[in-house]
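Visitor: The sequence and its predicted three-dimensional model are supplied below.
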Amino acid sequence: QVQLVESGGGLVQAGGSLRLSCAASGDSFNRYCMGWFRQAPGREREFVAAVSWNGGVTDYADYVKGRFTISRDNAKNTVYLQMNSLKPEDTAVYYCTGDPNLSNVVGGVALSWGQGTQVIVSS
């Protein structure tokens, strides 16, 4: 399975943007579907976005549609999450996840998970 390391989190004002990155190593990255989840304090981990192995299929949670974009660069073994029009309720630890099966990624039962990167959106 792949090992995943997130980066790019930080503090941003409401309405601002951040781009998260997730670097993969270990297994063949281009065999893996990738995704992002997030967990806010006191809340369950929730799905944010997912992308198929070749980038041809993407899926988003309703609460980020139109604001967030997931993409991947298989040559760099990296998946990205571009977050625009950020809101205070987007504050959470964001986790990168990967699995050969896209439904496992969307369902939160993927093989590989990163350690997370903190995003704080101030009002």
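Guide: Ah, there it is.
Visitor: Give the residue spans of this protein that score low on pLDDT.
Guide: Applying pLDDT under 70 to the chain flags no residue at all.
Visitor: From the centroid of it, which residue is nearest?
Guide: Trp36 (2.4 Å; Cα atoms, centre = their mean).
Visitor: Which secondary structure state is assigned to that residue?
Guide: Under DSSP: H, G, I helix; E, B strand; the rest coil, the three-state class of Trp36 is strand.
Visitor: What are the boundaries of the helices in the chain?
Guide: 102-106 (DSSP state H).
Visitor: tell me the contacts of Trp113?
Guide: Applying Cβ atoms under 8 Å, 6 or more residues apart in numbering to Trp113 gives the contacts Leu4, Tyr95, Cys96, Thr97. Quick note: C-beta positions are derived from backbone N, CA and C, even for glycine.
Visitor: isn't the first one right next to Ala24, touching?
Guide: Yes. Judged on Cβ atoms under 8 Å, Leu4 makes contact with Ala24 at a distance of 5.6 Å.
Visitor: Show me the common contact partners of those two, please.
Guide: Gly98, Ser112.
Visitor: residue contacts, the residue nearest to the centre of the chain?
Guide: Trp36 neighbours (Cβ under 8 Å, 6+ apart): Leu20, Cys22, Val48, Ala49, Ala50, Ile70, Val79, Leu81, Tyr94, Tyr95, Cys96, Thr97.
Visitor: what bridges to Val121?
Guide: Val12 (DSSP bridges).
Visitor: Correct me if wrong: Leu111 contacts Gly35.
Guide: No. Using Cβ under 8 Å as the test, Leu111 is too far from Gly35 to be in contact (11.7 Å).
Visitor: where exactly do the strands run in this structure?
Guide: Assigned strands in the chain, in chain order: 3-7, 10-13, 18-25, 33-39, 46-51, 58-60, 68-73, 78-83, 92-99, 112-113, 117-122 (criterion: DSSP state E).
Visitor: Looking at Leu111 and Gly35, which has the bigger crowd around it?
Guide: Gly35 (28 against 15; other Cβ atoms under 10 Å).
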